[in-house]
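# Predicted model and sequence follow; I will ask about them next.
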Amino acid sequence: MDLLRNRRKQAASTEPSIEPSLDVTSVPSLSGSASPPETWEEVDISSTDYARRRRELMEMMTDLRSMGADALIALPSIVVIGGQSAGKSSLVEAVSGINVPRDSGTCTRCPMECNMSSHATSWSCTITLRIGFDSNGLDLQKPTNVRFGRTITDRSEFEVWLRRAQAAILNPNVPSSTFHTKTIEELRNIKNTLKFSRNVVCVSIEDPDATDLSFYDLPGLIQNEEAEIVALVKSLAEHYTEKKNTIILTTIPMSDDMENQQSMSLARAADPNGRRTIGVLTKPDTLGTGAINQRRKWVEIIEGRSEEHTLRHGFYCVRLPDDAERAQRLSRAESQRRAAEYFDTTSPWKDVTDRRRFGIPGFVSDISQLLIRLIEEALPRLREDVETLLARCSKDFDELPPPLENDPQIEVLGRVNAFCDAFKSFVNGSHEDKRLAQRNRALYAIFKRDIRGTAPDFRPFNEPEGYVPLDDTEENMTLTERDPGVQAMGIYDIRRVIQEAIGWELPNNVPYQAKANLIAQFTKLWVTPSERCLAGVNNVLDQVIDTLISSHFGRFKVLEEYFGNLIRIQVDICKARAQDAVKTALELETTTPHYTQNTHYLQTLREKWLAHYKKVRSRPWLYGAPIRHNWEAKKPMASRPGSPSPTKSYPTPDDEGCEVEYERPPLPVSGRKGNGAASKSRTSKPCPDSFGPDCFFPGKLETPEAKALRALAEAGYAGLQVSDLARLLPPDSFEEELVVMADVRAYYHVAYKRIIDHIPFTIEHALHHALAKQLSQSLLTSLLTDAASGPNFSERMKDLVSEDASIAQRRSMLSTRKERLLNIRRRLMTFSNSF
């Protein structure tokens, strides 16, 4: 007894040192950390400051777990795992001083949390059921703690009460009080609803002879069962061992090789470096005297000399009561005395220097100190984690829409009016979100480009394909995107159109129908760009409408669906009307009469284009499309950098039906085409539009245009420009065709400027403005008609603004979570303030 008393004093007296760390991996190793003092004093350990702080820490951890904190933050803990027949149940009994159920097969089918406190004068125990998961194993928003039965004061009654508590856990649909009076035989015959459960049986033991300690006892790992059950038990063990603040106690029977132990494999998977695993070697008395090699191997492991099996906190060896000794119901003190006598008298265990590695007292004292150190190290981080979770929870809660406070009718009408006002501001462009206006402007710009690409491609030559397009009278622009329906038309093409339209007109009268037919060729191409533009605007409108519906009605799903359908009906009506309006606008341009009151602009354009066509026709060599000679095709030459390009020739009609090749001179810098039929100079000086004294070629040579303008000015015709000289050209044999070209091209520009404004205005007014104008009235009318047709108007309004179930559920979940976090923070702060 003196030997045992000294061991217990030695185990309880050593206080831990605190290292600057936040997890178990950095807590100092237990090996050699608690060497016994040379002399012992009779000291009441439970009255020291350290013992008080240890007790307070353990109570705080118990309170936090009862609040469900372990589901939110990583609480420091100890978990005991082991396979069947590994001695795990005997270890739990030896540590806690209680008897756990023992039957054939698996007895423990849910986690047991054991909280031991030495702050008592007599033994007592209470059992609580902590329900943190539903019957499907899913987390509950808030765990509930159900007191199970009365306070137990007789140790012999504990086993049956533990069986009853486990049965209540495995049958969640049955009131727990039903099991309070069940006998062991009745409990064995119950067909449980669940095979295993993640809910916890919490055992709180008050024992003056105990060491302050808290640990989880998990169901034993199994192999010879159904695959589903094996996986279930393994998953439960992994759930506890994977937490970084968890100390893993794995029980290993010395009668078997360590490599065969499933618990050791599971511990290695969760803790590959062995920083938070402690091995507990059981059944040393099963090794016969002849097992010399096995004993030597185990001694190396216990002393930390084994290279294959190394753990930061080492291994402990315990001898636990066998079946015969349990039948004798030996006291804890007697069991520990027999174990101490065995280790002190049996070889090779008696020769190991570190005696704390043997027996329950040293083992319990060391892991208790390790747990306390871990808790103390983790406290700052736990507080930080709680503050972070609380801030995130508050943020998520604040982002949810507040519960409805207004009258349902006021809420519905207010949201309808707000939606309509917002849409009007989108249409008018006054809303801060300019998406509708800006994207539609971009679509209208594309529409303008597409219409410009339908301009007639008149080229006043016999073979129009041999010449460049004429897109501008000033020759400053060339279309980059031309409608594929536009075909190049030459002099003979126009003559054919005229001839096909001749009826009973007098000679020298061009039929109006010829011009109408040419106008129809480009106006019919306006249908596709107009429809494409309207479709793009409709897509933009749909996106804006969907955004506004979601933002104004999305909080209430019923309301969003109801008004979403009504709004989209109105949108479809306005789309159809806008389509009809665009069709009508196009018919004004595509059907006769072709009319304009903008006669001045039309006449000016006609004169410009007629003069331009005549000038181009008189200088065809300046407008020819590049061609390749046969010798160029046979002998391709790569131009050297900086060398002049080969001279190109361009075909042009000198006489009707005859083509002659001219050498094309370089163009003047200003873009005007100089007369270079006979000149091969490549450095001609640009000639101004009107006559001036400085318009000369190098060598002071005056250009022909300049000479002509000067001569006309001297004759009294001042103020003329180069473009006016085309009127002096002699009549062309294709004068009628050139006039038709000029008339049609001039009318195109008049109609073009008209249509590129008319279609956008039509769409805006027939679609957006019409929808904004009628939306409010149509929605309110539909709402009142629908509500009036029902039995109760108020109930209908209430149904429309009924909150989405998912939002209400999330608000409740966040509210419960916030309450839990506040309680956890308050408990952590209470402990901090007490020290």
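Sure, I can see it.

# Name the SS class of Arg53, please.
Arg53 falls in the helix class when you classify it by DSSP: H, G, I helix; E, B strand; the rest coil.

# Next, count neighbours for it.
16 (other CB atoms under 10 Å). C-beta coordinates here come from the backbone N, C-alpha and C atoms, glycine included.

# and if you look at the one 5 residues further on?
Residue neighbour count, defined by other CB under 10 Å, stands at 22 for Met58.

# do Leu728 as well
Counted with other CB under 10 Å, the neighbours of Leu728 add up to 10.

# Next one: it from Arg606, what distance?
Distance, Leu728 to Arg606, using CB to CB, to the nearest Å: 18 Å.

# try Asn245
Counting by CB to CB, the gap from Asn245 to Arg606 is 91 Å.

# Check Ala787 too.
For Ala787, the distance to Arg606 - CB to CB - is 65 Å.

# Check Ala535 too.
With CB to CB as the criterion, Ala535 and Arg606 are 36 Å apart.

# what's the answer for Pro731, then?
17 Å.

# who's more crowded, those two?
Between Pro731 and Arg606, Arg606 has the larger neighbour count (other CB under 10 Å), namely 21 against 7.

# Helix, strand, or coil at that one?
helix.

# Report the spatially closest residue to it, excluding sequence-adjacent ones.
Distance criterion CB to CB, 6 or more residues apart in numbering; nearest residue to Arg606, sequence neighbours excluded, is Ala746 at 4.1 Å.

# quick one: low-confidence parts of the stretch 651-800 of the chain?
651-700, 790 (pLDDT under 70).

# Can you show me the helices along it?
704-714, 735-763, 770-789, 793-800 (DSSP state H, counting those that start in this stretch).

# mind checking which of the ones you listed is nearest Gly453?
helix 735-763 (10.5 Å; CB to CB).

# Next SSE downstream of the longest helix seen in the chain?
Of all the segments of type helix in the chain, defined by DSSP state H, the longest one is helix 360-399. Next in sequence after helix 360-399, counting helices and strands by DSSP states H and E, comes helix 408-428.

# Mind giving me the packing neighbours of that next one?
helix 435-452, helix 527-553, helix 557-590, helix 770-789, helix 793-800 (3 or more CB pairs under 8 Å, 6 or more residues apart in numbering; DSSP states H and E).

# got the buried residues for the second one?
The reference is to helix 527-553. Neighbour counts over helix 527-553 (16 or more other CB atoms under 10 Å) mark 529-530, 533-534, 536-538, 540-541, 544-545, 548-549, 552-553 as buried.

# nearest to Leu771, of the residues you listed?
Using CB to CB, those come closest to Leu771 at Leu541, 8.0 Å.

# Was I right to think that closest one contacts Arg568?
No. Checked against CB atoms under 8 Å, the pair Leu541 and Arg568 is beyond contact range at 10.6 Å.

# Return, as residue ranges, the portions of this structure with sub-threshold pLDDT.
1-48, 103-107, 626-700, 790, 832-835.

# With Asn823 as the reference, measure out to the residue nearest to the spatial centre of the chain.
The residue lying closest to the centre of the chain (CA atoms, centre = their mean) is Asp396, at 16.3 Å. In this view, Asp396 and Asn823 are 18 Å apart by CB to CB.

# again with Ile451
71 Å.

# Pick out whichever of these two has more residues nearby.
Comparing Ile451 with Asn823 by other CB under 10 Å, the one with more neighbours is Ile451, at 24 against 15.

# OK, contacts around that one?
Residues near Ile451 by CB atoms under 8 Å, 6 or more residues apart in numbering: 526, 529, 752, 755-756.

# And those residues, which two are furthest apart?
Pro529 and Tyr752, at 11.7 Å, using CB to CB across the contacts of Ile451.

# Give me the contacts around stretch 182-195.
Here stretch 182-195 has contacts from 103, 109, 135, 159-160, 163-164, 167, 169-174, 179, 229, 232, using CB under 8 Å, 6+ apart.

# if you set the cut-off to 10 Å instead, what comes out?
Defining contact as CB atoms under 10 Å, 6 or more residues apart in numbering, one finds that stretch 182-195 is touched by 101, 103, 106, 109-110, 135-137, 159-160, 163-164, 166-174, 179, 225-226, 228-229, 232-233.

# before we move on, what about stretch 584-594?
Here stretch 584-594 makes contact (CB under 10 Å, 6+ apart) with 512-513, 515-516, 519-520, 522-527, 530-531, 583, 595, 744, 747, 750-752, 754-755, 758-759, 761-763, 766.

# could you point out which element follows whichever strand in the chain runs longest?
Longest strand in the chain, counting residues (DSSP state E): strand 139-152. Note on strand 139-152: by DSSP H and E, the next helix or strand toward the C-terminus is helix 158-170.

# What helices and strands are in contact with that following helix?
strand 112-117, strand 124-133, strand 139-152, helix 184-189, strand 200-206 (3 or more CB pairs under 10 Å, 6 or more residues apart in numbering; DSSP states H and E).

# Specify the angle between that helix and strand 124-133 in degrees.
Using axes from the mean of the first three to the mean of the last three CA atoms, to 10 degrees, one finds that helix 158-170 and strand 124-133 are set 10 degrees apart in direction.

# For Asn260, list the residues it contacts.
So Asn260 contacts 83, 252-253 (CB under 10 Å, 6+ apart).

# got these as a markdown table, with secondary structure columns?
Listed next are the contacts of Asn260 as a markdown table, based on three-state DSSP:
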| residue | secondary structure |
| --- | --- |
| Gly83 | strand |
| Ile252 | strand |
| Pro253 | strand |
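
# Compare the residues you listed and tell me which has the most neighbours.
In these, the most neighbours by other CB under 10 Å go to Ile252, 27 neighbours.

# Spit out the contact partners of that one.
82-83, 86-87, 258, 260-261, 263-264, 267, 279-283, 298, 301, 309, 315, 317.

# Which ones among the residues you listed map onto strands?
Taking DSSP E as the definition of strands, the contacts of Ile252 contribute 279-282, 315, 317.

# ChimeraX command for the buried members of these?
Typed into ChimeraX, the line below selects the buried ones among the ones in strands among the contacts of Ile252, using 16+ other CB under 10 Å:
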select :279,280,281,282,315,317
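
# my guess is Arg568 meets Leu548, correct?
No. With contact defined as CB atoms under 10 Å, Arg568 does not count as touching Leu548 (11.7 Å).

# measure stretch 285-298 end to end?
12 Å (CA to CA, to the nearest Å).

# Which residues does that stretch contact?
Contacts for stretch 285-298 (CB under 10 Å, 6+ apart): 87, 252-258, 281, 284, 306, 308-309, 315, 317, 319-320, 322, 339, 342, 346-349.
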